[in-house]
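Enquirer: Give me a model of this one.
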Amino acid sequence: MGLFDKIFGKKQQQESLDQGLQKTREGFFSKITKAIAGKSTVNEEVLDDLEDALVSADVGIETTVKIIEQIEKRVARDKYLNTSELNKILKEEIQTILVSAPQDSSYENYELPAGHKPHIILVVGVNGVGKTTTIGKLAHNFSKAGKSVLLGAADTFRAAAVDQLTIWSERAGVPIVKKEMGSDPAAVAFDTVNSGVSKNVDVILIDTAGRLHNKAHLMDELTKIKRVIQKVVPDAPHEVMLVLDGSTGQNALEQAKHFIAATDVTAITITKLDGTAKGGVVLAIANQFKIPVKFIGVGEKAEDLLVFDKKLFVDSLFGPGQEA
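Expert: Model prediction:
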């Protein structure tokens with residue numbers, strides 16, 4: 001196994017997931033265990049209790065209903081199921097939901113899609129979700145994977161955002177384009193892309209202001225950014241990545257709805273899944289929106305921003321010692 005495999009390999013991803021999803025896993029299974037305690041068969045009462053457990057684990061109403069309906073079909077088909085089989089069935093149904101959700105492997109091992117250079121990612125999300133930190137971690141990991149990276153600090157309405165991104169640029173050893181607070185975000189984005197093209201970098205990551213209170217203003221601003229960078233790279237941005245805070249549970253779903261209505265989101269990153277029991281929201285987001293989840297954050301280290309792997313996620317959710 002080479003250095004690259006040690007940094008981004010499946011084993012390390014599984015270990016990071018297992019540790020990062022510990023609170024979610026414990027909460028998830030404690031609710032399910034309570035729902036089926038003392039029951040010998042999977043009957044209507046068990047299904048009602050399971051439904052409550054899934055909703056309270058932030059799996060979401062729509063996704064929960066889909067899971068319960070599928071289990072009901074299996075109960076009707078097989079006539080008799082005992083509760084010891086329920087974990088296995090539940091895992092299978094969750095896997096089915098995730099597999100059917102949109103996904104691509106464009107960033108596997110922090111590789112970049114072929115066919116264009118630079119690869120330009122516009123990052124959006126409200127303040128406090130970990131947007132700027134996510135950009136810093138992406139820069140670190142792309143750089144570690146051998147890619148040349150350029151950062152653009154276009155969140156010019158918040159001095160802390162520029163300062164924070166500057167610290168990440170120094171930490172990751174990648175250059176940054178920035179202007180004074182209050183500058184035109186589109187001008188920063190234009191200069192970033194212009195610089196990235198002239199330096200022949202592999203990937204450009206552009207931070208944007210995290211405001212949602214006025215969707216029309218947000219859309220106008222993002223539209224302007226897109227328009228000016230397309231003067232340099234006509235098919236840019238190649239990705240509009242929405243960052244959501246997984247610890248906020250259903251509130252993350254509401255933020256996603258607003259941003260998706262305001263702009264053309266093409267990818268989702270879910271942060272802060274460590275330290276929360278609300279990791280079930282990943283299932284809701286993956287199922288409800290026809291937009292692939294591409295990264296998840298399960299810890300403080302840059303390497304804890306993982307490329308989302310559905311199978312590894314489900315395996316970790318059910319965890320060591322859980323019957324599949």
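
Enquirer: Which stretches in the stretch 151-300 of the chain count as strands?
Expert: With strands called from DSSP state E, counting those that start in this stretch, the stretch 151-300 of the chain shows them at 176-177, 203-207, 239-245, 267-271, 293-297.

Enquirer: winner for burial among those strands?
Expert: Stretch with highest mean neighbour count among those: strand 203-207 (a mean of 28; mean count of other Cβ atoms under 10 Å). Any C-beta I mention is one placed from the backbone N, CA and C, and that applies to glycine too.

Enquirer: average model confidence for that strand?
Expert: The pLDDT scores in strand 203-207 average 98.

Enquirer: likewise stretch 290-304?
Expert: Here stretch 290-304 scores 90 as its mean pLDDT.

Enquirer: same deal with stretch 30-39?
Expert: Regarding stretch 30-39, the rounded mean pLDDT is 76.

Enquirer: contacts for that stretch?
Expert: With Cβ atoms under 8 Å, 6 or more residues apart in numbering as the test, stretch 30-39 has contacts from 42, 45-46, 49-50, 52-54, 56-57, 83, 86-87, 90.

Enquirer: change it to 7 Å
Expert: Residues outside stretch 30-39 that contact it (Cβ atoms under 7 Å, 6 or more residues apart in numbering): Val46, Asp49, Leu50, Asp52, Ala53, Ser56, Ala57, Thr83, Leu86.

Enquirer: Ile225: which of the residues you listed is nearest?
Expert: Comparing the contacts of stretch 30-39 against Ile225 with Cβ to Cβ places Ala57 closest, at 37.1 Å.

Enquirer: That closest one touches Gly27, doesn't it?
Expert: Yes - using Cβ atoms under 7 Å, Ala57 makes contact with Gly27 at a distance of 6.3 Å.

Enquirer: Name the residue in these two with the higher neighbour count.
Expert: Taking other Cβ atoms under 10 Å, Ala57 and Gly27 do not tie; Ala57 has more neighbours (25 against 19).

Enquirer: who's in contact with that one?
Expert: Listed by Cβ under 7 Å, 6+ apart, the contact set of Ala57 reads Gly27, Phe28, Lys31, Gly280.

Enquirer: run the last query once more with 6 Å
Expert: Going by Cβ atoms under 6 Å, 6 or more residues apart in numbering, Ala57 touches Phe28, Lys31, Gly280.

Enquirer: What is the burial count for Lys34?
Expert: Residues within reach of Lys34, counting by other Cβ under 10 Å, total 12.

Enquirer: ok, for Leu218, nearest residue in space, not its chain neighbours?
Expert: Ala262 (5.1 Å; Cβ to Cβ, 6 or more residues apart in numbering).

Enquirer: what residues does whichever helix in the chain runs longest touch?
Expert: Among the segments of the chain that qualify as a helix by DSSP state H, the longest is helix 61-78. With Cβ under 6 Å, 6+ apart as the test, helix 61-78 has contacts from Val42, Leu47, Glu51, Leu54, Val55, Leu81, Ile89, Glu93, Leu283, Ala284, Asn287, Gln288.

Enquirer: Grab the most central residue of the protein for me.
Expert: The structure's the chain has its C-alpha centroid closest to Thr269; by Cα atoms, centre = their mean the separation is 2.3 Å.

Enquirer: Quickly list what the closest residue to that residue other than its chain neighbours is bridged to.
Expert: Leaving aside its sequence neighbours, Thr269 sits nearest to Phe295 (Cβ to Cβ, 6+ apart; 4.2 Å). Beta bridges link Phe295 to Thr269, Val307 when assigned by DSSP bridges.

Enquirer: quick one: low-confidence ranges for the stretch 201-324 of the chain?
Expert: Residues of the stretch 201-324 of the chain meeting the criterion pLDDT under 70: 212-216, 320-324.

Enquirer: switch to 80 and redo it
Expert: Residue ranges of the stretch 201-324 of the chain with pLDDT under 80: 210-219, 275, 277, 319-324.

Enquirer: ok so, going back, which pair in the contacts of helix 61-78 spans the largest distance?
Expert: Greatest spatial distance among the contacts of helix 61-78 (Cβ to Cβ): Leu81 and Gln288, at 27.6 Å.

Enquirer: mind listing the helices for the stretch 201-324 of the chain?
Expert: Under the criterion DSSP state H, counting those that start in this stretch, the stretch 201-324 of the chain contains helices at 215-229, 250-262, 281-288, 310-318.

Enquirer: For the third one, which outside residues touch it?
Expert: Helix 281-288 is contacted by residues 58-60, 62-63, 97-98, 101, 246, 249, 252-253, 270, 293 when judged by Cβ under 6 Å, 6+ apart.

Enquirer: one more time with 7 Å
Expert: Contacts to helix 281-288, defined as Cβ under 7 Å, 6+ apart, come from residues 58-60, 62-63, 66, 94, 97-98, 101, 244, 246, 249-250, 252-253, 256, 268, 270, 293, 296, 313.

Enquirer: Mind checking which of those are buried?
Expert: Burial by neighbour count, 16 or more other Cβ atoms under 10 Å: within the contacts of helix 281-288 this picks out 58-60, 63, 66, 94, 97-98, 101, 244, 246, 249, 252-253, 256, 268, 270, 293, 296, 313.
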